[in-house]
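1. Here is a sequence with its predicted model. Questions after.
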Amino acid sequence: MAHTMKKNRKPTITVTRTDSERLWRLAESYVGRNRAVAEELLIELERAKVVADSRVAADVVRMGSTLRFTSDLGEDRSVTLVFPGEADIAEGRISILTPIGVALVGLAAGQSIDWTARDGRTHRLRVESVEAPASRNTAAASSADLPAAL
């Protein structure tokens, strides 16, 4: 029985202090627009281990990270996790305010997680590799990143 319970637990996730602060504000401001995704992000942030920006491991998915994941559907994709204003699925830039974006944040290479798609089906993905955010300073908040409601 303990084995079953452990299998169904979500993996440990790590979030930088800067990402945590920005994502809390974003999720709270988004509750009125898409309650389900905003609440799922808040749940993930509540369970995340928050670390100083300089102390996050290079293989942890954070805002601006480019990563490769595989899924139970046979997908093998490379994507970049971004704020909503930067999202472009055709360019592989996935918004944090999507079910898969919420599932990816804070995972490290080698970790897997179950996530529920918008159609209600549960899928499993595994992070294969993570590249740290590009040279742009992801810690500097841009007004384009956050909703006008802030």
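-> Nice, I can see it. Values in this document were obtained by computation on a predicted structure and should not be read as measured data. Residues are numbered from 1 along each chain as shown.
2. Average pLDDT for the longest strand anywhere in the chain, rounded please.
-> When the chain is parsed with DSSP state E, its longest strand is strand 122-131. The average pLDDT within strand 122-131 is 96.
3. Can you tell me the strand partners of it and which way each runs?
-> strand 66-71 (antiparallel), strand 112-116 (antiparallel) (DSSP bridges).
4. Buried ones in the shortest one, by neighbour count?
-> Just to be clear, that refers to strand 112-116. 113, 115 (16 or more other C-beta atoms under 10 Å). C-beta coordinates here come from the backbone N, C-alpha and C atoms, glycine included.
5. And for the first one?
-> The neighbour-count check on strand 66-71 (16+ other C-beta under 10 Å) flags 66-67, 69 as buried.
6. how about the following helix or strand past that strand: buried residues?
-> Going down the chain from strand 66-71, the next helix or strand is strand 76-82, by DSSP states H and E. Residues of strand 76-82 classed as buried: 79-82 (neighbour count, 16+ other C-beta under 10 Å).
7. so what pLDDT did the nearest residue to residue 104 once chain neighbours are set aside get?
-> Leaving aside its chain neighbours, residue 104 sits nearest to residue 61 (5.1 Å; criterion: C-beta to C-beta, 6 or more residues apart in numbering). According to the prediction, residue 61 has pLDDT 98.
8. Tell me how many other residues surround residue 61.
-> The tally of other residues near residue 61 (other C-beta atoms under 10 Å) stands at 28.
9. again with residue 109
-> Using other C-beta under 10 Å, residue 109 has 18 neighbouring residues.
10. do the same with residue 55
-> What residue 55 shows, counting by other C-beta under 10 Å, is a neighbour count of 9.
11. Let me see the ranges of the helices in the protein.
-> Per DSSP state H, the chain carries helices over the ranges 2-8, 17-30, 35-47, 99-104.
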